[in-house]
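In: what shape does this take:
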Amino acid sequence: MQLNITARHLKLTAAISDYVQKKLEKAKRFLDPLIWAQVVLDVSKQRHEAEIIIHTTGHTFTAKEESA
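Out: Just a heads-up that it's a prediction; the model follows:
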């Protein structure tokens with residue numbers, strides 16, 4: 001599986017990267033032929049946003065979450 005993590009306005013540390021990889025390992029159980037995944041982490045003044053795009057054979061899944 002190819003994984004691309006993009007961090008906007010924050011420093012991508014090894015701990016954050018490991019956390020994202022650990023969570024994507026759980027997704028492999030449900031989406032067995034996981035081809036690639038892209039994670040975008042964004043921090044603005046009072047807003048934290050995470051977006052993930054997962055591509056499997058024949059399907060593309062997108063999820064986005066925002067919190068204060």
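In: from here on, just use CA atoms for contacts and neighbour counts.
Out: OK.
In: and stretch 18-26, what's its mean pLDDT?
Out: Across stretch 18-26, the average pLDDT comes to 92.
In: how about it: buried residues?
Out: Across stretch 18-26, burial judged by 16 or more other Cα atoms under 10 Å covers Leu24.
In: let me know the next secondary structure element after the helix or strand bottoming out on mean pLDDT in the chain.
Out: One helix or strand of the chain scores below all others by mean pLDDT, DSSP states H and E: helix 14-30, with a mean of 91. Moving toward the C-terminus from helix 14-30, the next helix or strand (DSSP states H and E) is strand 34-43.
In: closest to the centroid, which residue in this protein?
Out: For the chain, the residue nearest the mean C-alpha position is Val39 (2.9 Å; Cα atoms, centre = their mean).
In: which ones are touching that one?
Out: Contact analysis of Val39 by Cα atoms under 8 Å, 6 or more residues apart in numbering lists Leu3, Asn4, Ile5, Thr6, Ala50, Glu51, Ile52, Ile53.
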